[in-house]
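[1] The following block contains a protein sequence and its predicted model.
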Amino acid sequence: MANNSIKIRAQLKDNEITVKALMTHPMESGTRKDSKTGELVPAHYIQEVKCEVAGKNVMTAYWNGGVSKNPYLSFKFAGANKGDMFKLTWVDNKGESDSEEATIS
């Protein structure tokens, strides 16, 4: 995948971090047919998303082909501080991966 396939915002408010992330990915399930050829479009989707702060895992999600193209992820967690580095990494079913970091504001 192209670099910069992830956009992240992580903000602290009321002792809780809110993460909002947009990932650019085709998320093909492998069940859709190409309208021109009639052939199945090969499966290509994110399988695992990991989020960490200071090397500590705060969230792991396991996805399949049922997640829409260019997935958006939002969640909240506690236990981090303003200025800490937040990292999101994904790996897809073809072994491709990407990661991005953002400072918690």
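    On my side now, so go ahead. Numbering: from 1, shown residues only.
[2] Let me see the contact set for the closest residue to L12 other than its chain neighbours.
    Leaving aside its sequence neighbours, L12 sits nearest to K82 (C-beta to C-beta, 6 or more residues apart in numbering; 4.9 Å). Yep, even glycine has a C-beta here, placed from its N, CA and C like the rest. Applying C-beta atoms under 8 Å, 6 or more residues apart in numbering, we find K82 in contact with L12, I104, S105.
[3] what helix or strand is K82 on?
    Using DSSP states H and E, K82 sits within no helix or strand.
[4] just the buried members of the contacts of K82?
    Among these, the ones that count as buried by 16 or more other C-beta atoms under 10 Å are L12, I104.
[5] next helix or strand past the helix or strand harbouring V91?
    Using DSSP H and E, V91 sits in strand 85-92. Scanning forward in sequence from strand 85-92 by DSSP H and E, the next helix or strand is strand 97-103.
[6] Buried residues, that following strand. List them.
    Neighbour counts over strand 97-103 (16+ other C-beta under 10 Å) mark D98, E100, A102 as buried.
[7] Pairing partners for that strand, with directions?
    Pairing partners of strand 97-103, with direction, according to DSSP bridges: strand 85-92 (antiparallel).
[8] Tell me which residues of the strand it pairs with come out buried.
    Neighbour-count burial for strand 85-92 [16+ other C-beta under 10 Å]: F86, K87, L88, T89, W90, D92.
[9] Tabulate the residues you listed in CSV, adding columns for distance to I8.
    CSV is the format used below for the buried residues of strand 85-92 (distance: C-beta to C-beta, whole Å):
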residue, distance to I8
F86, 7
K87, 9
L88, 6
T89, 11
W90, 12
D92, 18
